[in-house]
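S.K.: here is a sequence together with a model predicted from it:
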Amino acid sequence: MKERLFEIGERVRKGFLSTGADQAIIIPSHVERLMVRFSNNKTTVVQNWSMMGIDALAVFGKKKIITRLEDLSEDGIRKGLERAVKSAPMVSDSETFTDVEGTKFPDRRSAQEIDPERINDCISSCIGAAIKEGGERSAGIFNAEVRKVAILTSSGGEGYDERSAFELNVRAFAGEGSGQGLTCATEMQALDADGAGRRAGITARMSRESVHWSEGSYEVILGPIIFANLIERVGDANSAFSVEAGISFLAGKIGEKVATEKLTIEDDGSDPKGLNSRTFDDEGVPVRKTTIVRGGEMAAYLHNKSTAKRSGTSSTGNAGWVAPSPWNLKVAPGDMSMEEMISEMRRGVFVVSNWYTRFQNYATGDFSTICRDGTFLIEGGEVKGALRGVRISDNMLRMLGSIRQVSSDRSWVRWWEVRTPSLVPAVLASGVMLTKAQGS
């Protein structure tokens, strides 16, 4: 596959340079995916994809053109180049684009393949564990992906990177109760399918009986699944593009306290266990680890070369030709387990998962999110019952600053509500505003 990607990439690179482009970055890729859906304890849908395409950036003077080619026949590439070149005069000048990189990266290869039989075994194990723990029926999805990416630049830069990613998400149901479990990894053997099903089944069983509750301010333990969702929003707000666009609650905060001193957050695209890791970014800059919050203090924004030039700094290896973005977010561990947090809680709420996080104001961080698949009232360190219709209605900066405990155990999280892979602990936050969702 490497040879094929470089062959078509070289044709596009030469094609742009022959039409007058001063610089070009070509990123050919091949993605193989398998998705398996299951419901009522049975597999219901199996879908396969095999996709090849080329993303290309070409610079004509001060004009920057970004295009994607999916018809990779000789005629398709010719027509795609013609359309891109003809559009150049209509594009506004770009004042901040810098010379493309000429770095040659060593190949990064993966031996992992998509094995449908092993995937079926994982799903069966997950469903069986959920039933054993009290789940009456289960539904979910298994996603498997092998991604192969190359880069070629007009300055002679080259690289090739192969990665695999596997993720299993399950919801178990028992009466009116529901629970969620998940597992994700870069290797099939690292998945804990049994543990994902077990956690979903236990949570569903515990959620069968609900208790009355009132709106107000609570101590809240956020499990890894929901905390990953909120940390992903921190990563989005940390992009220099979001800061420039006025849609970041972290704008103008470098060097300021934005969270409790217990919180340190990194973006790490170099971690071999990160589902979104890569050797190089879209501008051919080496991917690395960047600390964005250190001990509660805002340390850095994520940059591509253009945003870095406008800010008088250097790229962090997070391109995105338009917007820099995080690769894998990691929160430093604390010094007590999630179980210890629960056992020491006098009165509060434990939240497993959430859906539909929405911002009322991106610039200030005002948001709300619906708690689902496991929300419990805790009194005297014991679960008293499940809560229905809970919505967190709060402010990101206030919540980040109210975190009093961070667990020592961490989990990798990625599912449809968390697309940036995140290695996160559970946290205990004070004064979290809980309101009732409409109709509850």
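M.R.: Thanks, I have the structure now.
S.K.: give me the domain ranges for this protein.
M.R.: The record's domain split for the chain, according to automatic domain parsing, is 2-193, 209-440.
S.K.: any idea which of these is most buried?
M.R.: Stretch with highest mean neighbour count among the domains of the chain: domain 209-440 (a mean of 20; mean count of other CB atoms under 10 Å). From N, CA and C alone the C-beta is placed, and that goes for glycine too.
S.K.: among the domains of the chain, which comes closest to residue 202?
M.R.: Residue 202 lies closest to domain 2-193 among the domains of the chain, at 4.7 Å (CB to CB).
S.K.: could you export the domains of the chain as a markdown table, including distance to residue 202 and mean pLDDT?
M.R.: Below are the domains of the chain laid out as a markdown table (distance: least, CB to CB, whole Å; pLDDT from 0 to 100):
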| stretch | distance to residue 202 | mean pLDDT |
| --- | --- | --- |
| domain 2-193 | 5 | 95 |
| domain 209-440 | 9 | 97 |
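S.K.: wait, which of these is closest to residue 203?
M.R.: domain 2-193 (2.6 Å).
S.K.: end-to-end on the closest one?
M.R.: 32 Å (CA to CA, to the nearest Å).
S.K.: that domain: how far from the chain's middle?
M.R.: 14 Å (CA atoms, centre = their mean, to the nearest Å).
S.K.: so can I have JSON lines of the domains of the chain showing distance to residue 199?
M.R.: Formatted as JSON lines, those follow (distance: least, CB to CB, whole Å):
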{"stretch": "domain 2-193", "distance to residue 199": "4"}
{"stretch": "domain 209-440", "distance to residue 199": "8"}
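S.K.: can you give me the helices in this protein?
M.R.: Secondary structure of the chain (DSSP state H): helices at 2-18, 74-87, 116-132, 193-206, 224-238, 240-245, 305-311, 338-344, 396-401.
S.K.: and the ones you listed: which comes nearest residue 62?
M.R.: Of all the helices of the chain, helix 305-311 comes closest under CB to CB, at 12.4 Å.
S.K.: now residue 356, nearest residue through space, not along the chain?
M.R.: Take residue 356 and drop its neighbours on the chain: the residue closest to it by CB to CB, 6 or more residues apart in numbering is residue 370, 5.1 Å away.
S.K.: re earlier: now for the helices of the chain, which one comes closest to residue 103?
M.R.: Per CB to CB, nearest to residue 103 of the helices of the chain: helix 305-311, 12.9 Å.
S.K.: which secondary structure elements does that closest one contact?
M.R.: Counting by 3 or more CB pairs under 8 Å, 6 or more residues apart in numbering; DSSP states H and E, the packing neighbours recorded for helix 305-311 are helix 240-245.
S.K.: mind giving me the packing neighbours of the helix it packs on?
M.R.: By 3+ CB pairs under 8 Å, 6+ apart, helix 240-245 packs against helix 305-311.
S.K.: how far off centre is the helix it packs on?
M.R.: Computed by CA atoms, centre = their mean, the chain-centroid distance of helix 305-311 equals 24 Å.
S.K.: just the CA trace of it, in CSV.
M.R.: Output in CSV follows, covering the C-alpha atoms of helix 305-311 (Å, rounded to 0.1, in the frame of the first residue of the first chain):
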residue,chain,number,x,y,z
LYS,A,305,2.4,27.0,11.2
SER,A,306,-0.1,29.8,10.2
THR,A,307,-1.6,30.4,13.7
ALA,A,308,1.9,30.1,15.2
LYS,A,309,3.2,32.8,12.8
ARG,A,310,0.4,35.2,13.7
SER,A,311,1.1,34.5,17.4
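S.K.: would you check how far apart residue 161 and residue 32 are?
M.R.: 15 Å (CB to CB, to the nearest Å).
S.K.: over to residue 120?
M.R.: 18 Å.
S.K.: and what of residue 337?
M.R.: 38 Å.
S.K.: what do you get for residue 359?
M.R.: The value you get for residue 359 to residue 32, if CB to CB is used, is 35 Å.
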